[in-house]
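**Q** quick one, what's the 3D model for this:
(one chain, ligands or ions: 1)
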Amino acid sequence: MSFTLQFSLPSRPLIATNTTTLSPIRPVTNLRFKPAPPLSPPSLLIKPPLCASTQQRQLVVSGEDELKSINGAQEENVPLPVGLWRESMPKHVAVIMDGNRRWARLRGLPVDSGYEAGVKSLRAMVELCCKWGIRVLTVFAFSSDNWFRPKMEVEFLMSVLEEGVKEEMESFLRDNVRISVIGDLSKLQKSLVELIMHVEETTKNNTRFQLIVAVSYSGQYDLVQACQRIAMKVKDGVIEPNDVNESLIEQELETNCTEFPYPDLLIRTSGELRVSNFMLWQLAYTELFFAQSLWPDFGEAEFIEALRSFQRRRRSYGG
Ligand SMILES: CC(C)=CCC/C(C)=C/CC/C(C)=C/COP(=O)(O)OP(=O)(O)O
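**A** Numbers count the residues shown, from 1 in each chain. All right, here's what the predicted structure looks like:
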């Protein structure tokens, strides 16, 4: 049984969007908070829209059954590692997969081996996300600035993406995985763009898990392209300048491809303490976790540590 309380907030979010109270001892609450989008189409009762900053919020009090089911998809019936609580799992994790080249150099290996080891780490993380009920994983695979790397390295990374998509296409379909790519695709080879469009189209109705790959992407690029689209709408008389607000910007960002909220947790590996122009708007209320491990060494134990850290935090969204 469930009921919904709807209330309005003047300008900023009150408590939480899509996660329950985070308790290190035991999750005691089954309260869910969701923002109701003023401009986007109506969503399902417990389906949160894109972001945490829209002005109207709904408080949904769920029964046991509803906690197991989010947006109609059943959570995996797999026991979680000790100390992790399903109710307070992040829905969306983002990762800056840093340290692949250092990993290779430390071993006296060519740079390519570092990226190959990084892909193995990514595969393992996708499996863990699926197993533990994390619904979206966004990875920074190639930044706008990475175009300045040696040509051979750029070509290798592009071939990794191309081969990865081709090899995994069957498993995406079998495992109900949706693939989305965000970034400035105009800089990519035509054949790769076609492949990306094909995999996005083929997997667009898959609901178990969404992998968002950021390629030729930067947070500043995303904001600029959103501004350009909004400016066109103003120019065409579709909207007035005064209509531009947070929700409208959110709709024009590349992350509009996910039905889930912005990242709850950002993990950056390799000990660097920066967000490096990644999802600048979307990270507004994201919890940050910086791991010492280089990305190819980031495995299950490190992921559990990041999730435990996340679950110990209280997210107030400035309220
Ligand atoms: C298909 C797909 C999604 C592939 C992902 C492959 C992968 C692991 C890409 C990482 C790309 C990258 C530029 C990481 C930054 O660390 P760095 O390697 O520059 O490390 P450094 O800081 O040691 O130089």
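
**Q** what's the helix or strand for Val139?
**A** In this assignment (DSSP states H and E), Val139 forms part of strand 136-143.

**Q** paired strands for that strand, with orientation please.
**A** Counting by DSSP bridges, the strands paired with strand 136-143 are strand 92-96 (parallel), strand 209-217 (parallel).

**Q** tell me if the last one is near the ligand.
**A** Yes - with CB under 6 Å from any ligand atom as the measure, strand 209-217 is seen reaching the ligand through Val213. Every residue, glycine included, has its C-beta placed from N, CA and C.

**Q** now the strands paired with strand 136-143 as a markdown table including distance to Gly83?
**A** A markdown table is the format used below for the strands paired with strand 136-143 (distance: least, CB to CB, whole Å):
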| stretch | distance to Gly83 |
| --- | --- |
| strand 92-96 | 17 |
| strand 209-217 | 23 |
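
**Q** most neighbours per residue, which of those strands?
**A** Mean neighbours per residue, mean count of other CB atoms under 10 Å, is largest over the strands paired with strand 136-143 for strand 92-96, with a mean of 26.

**Q** show residues contacting whichever helix or strand comes after it.
**A** Next helix or strand after strand 92-96 toward the C-terminus (DSSP H and E): helix 100-106. Residues outside helix 100-106 that contact it (CB atoms under 8 Å, 6 or more residues apart in numbering): 110-115, 117-118, 270, 294-297.

**Q** of those, which is the most crowded?
**A** Among the contacts of helix 100-106, the one with the most neighbours (other CB atoms under 10 Å) is Trp295, at 29 neighbours.

**Q** which residues in the stretch 201-319 of the chain form strands?
**A** Secondary structure of the stretch 201-319 of the chain (DSSP state E, counting those that start in this stretch): strands at 209-217, 265-268, 287-290.

**Q** the second one and the ligand in contact?
**A** In this case it means strand 265-268. No - Strand 265-268 does not reach the ligand (CB under 6 Å from any ligand atom); its nearest approach is 9.8 Å.

**Q** neighbouring strands for that strand, and are they parallel or not?
**A** By DSSP bridges, strand 265-268 pairs with strand 92-96 (parallel), strand 287-290 (parallel).

**Q** wait, isn't Thr202 in contact with Glu168?
**A** No - look at Thr202 against Glu168 with CB atoms under 8 Å: they stay out of range, at 11.7 Å.

**Q** so what sits against both of these two?
**A** Both Thr202 and Glu168 lack any common contact, where contact means CB under 8 Å, 6+ apart.

**Q** before we move on, back to that, compare the strands paired with strand 136-143 and give me the one nearest Glu153.
**A** Nearest to Glu153, of all the strands paired with strand 136-143, is strand 209-217, at 14.3 Å by CB to CB.

**Q** average model confidence for that closest one?
**A** Mean per-residue pLDDT for strand 209-217: 98.

**Q** residue contacts, the residue of the stretch 51-200 of the chain at minimum distance from the ligand?
**A** Among the residues of the stretch 51-200 of the chain, Gly118 lies closest to the ligand, at 2.7 Å counting by CB to the nearest ligand atom. Going by CB under 8 Å, 6+ apart, Gly118 touches 97, 100, 103, 295-296.

**Q** now the angle between strand 209-217 and whichever strand or helix holds it, please.
**A** In the assignment (DSSP H and E), Gly118 maps to helix 111-132. Interaxial angle of helix 111-132 relative to strand 209-217 (axes from the mean of the first three to the mean of the last three CA atoms, to 10 degrees): 150 degrees.

**Q** so which of Thr202 and Glu168 has more stuff around it?
**A** Glu168 (18 against 14).

**Q** show me the contacts for the more buried one.
**A** Glu168 neighbours (CB under 8 Å, 6+ apart): none.

**Q** state the distance from the closest residue to Ala94 other than its chain neighbours to Pro296.
**A** Using CB to CB, 6 or more residues apart in numbering and skipping the chain neighbours, the partner closest in space to Ala94 is Pro263 (3.9 Å). Using CB to CB, to the nearest Å, Pro263 is found at 22 Å from Pro296.

**Q** again with Asp264
**A** In terms of CB to CB, Asp264 sits 24 Å off from Pro296.

**Q** before we move on, the earlier item: give me the average confidence score over the strand holding Val139.
**A** Mean predicted confidence for strand 136-143 is 98.

**Q** need the residues that contact it.
**A** 91-97, 122, 125-126, 129, 157-158, 161, 182-183, 209-218, 255, 258, 260, 263, 276-279.

**Q** how about that strand, does it get close to the ligand?
**A** Yes - Strand 136-143 lies within reach of the ligand by CB under 6 Å from any ligand atom, at 139, 141-142.

**Q** biggest helix in the chain by residues?
**A** Secondary structure of the chain read by DSSP state H shows that its longest helix is helix 151-174.
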